[in-house]
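[1] with the input below, show me the fold.
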Amino acid sequence: MASLIEDLLFKEECYKIIGLSMKVHSKLGKGFKEVVYKDALEIEFINNQIPYEREKFFTIPYEDVILRHYFIADFSVYDSIIIEVKAASMIHPDNFRQTLNYLKASHIKLGILINFGENKLKFQRIVCSY
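    Numbers count the residues shown, from 1 in each chain. Purely as a prediction, here's the structure:
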């Protein structure tokens, strides 16, 4: 059932995001800091008229209280998808957990963890059912 949900949830939007990410990776390759890939992705979002917010702040509720600390998503795209950008030698399980926690706190169902630090672009769709 979960794989069916993953296949259907924002399929076209994800296809566009991953395609643009592949374009960025093919032009820049690996080796830059995360911020460089974020800058390039932002240009692609603008050029392709994809609605986004960069470094969007999200509060974290706990027991009917908003915690003092918050998290900042690399991108919120289409008001429905959180994108977490990495430039590491591999996707680490902590990156997955971080993105999943962002989804839980924001009540957004879909996240995409994108790693520009490998020879080929790596990405992982993360679906949260809360």
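
[2] quick one, helices of the chain?
    Along the chain, counting by DSSP state H, helices occupy 2-8, 11-28, 34-47, 93-106.

[3] so for the longest one, what gets flagged as buried?
    For helix 11-28, the buried set under the neighbour-count rule, 16 or more other C-beta atoms under 10 Å, comprises Glu13, Cys14, Lys16, Ile17, Leu20, Ser21, Val24, His25. Where you see a C-beta, it was placed from the backbone N, CA and C, and this is true even at glycine.

[4] distance to Leu113 and mean pLDDT added to the helices of the chain, as a markdown table?
    Conversion of those to a markdown table gives the following (distance: least, C-beta to C-beta, whole Å; pLDDT from 0 to 100):
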| stretch | distance to Leu113 | mean pLDDT |
| --- | --- | --- |
| helix 2-8 | 13 | 54 |
| helix 11-28 | 11 | 97 |
| helix 34-47 | 12 | 98 |
| helix 93-106 | 5 | 92 |
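
[5] of the ones you listed, which is nearest Ala87?
    helix 34-47 (4.6 Å; C-beta to C-beta).

[6] give me the residue at the spatial middle of the protein.
    Note on the chain: the residue nearest the mean C-alpha position is Ile83, at 1.2 Å, using C-alpha atoms, centre = their mean.

[7] distance of that residue relative to Leu67?
    In this structure, Ile83 lies at 23 Å from Leu67, with C-beta to C-beta, to the nearest Å as the measure.

[8] these two touch, right, Leu103 and Gly111?
    Yes - Leu103 is within contact range of Gly111, at 5.0 Å (criterion: C-beta atoms under 8 Å).

[9] and for those two, which residues touch both?
    Both Leu103 and Gly111 are in contact with Ile82, Ile126, Cys128, where contact means C-beta atoms under 8 Å, 6 or more residues apart in numbering.

[10] looks like Ile108 contacts Cys128 (just checking).
    Yes - using C-beta under 8 Å, Ile108 and Cys128 qualify as a contacting pair, with a distance of 7.4 Å.
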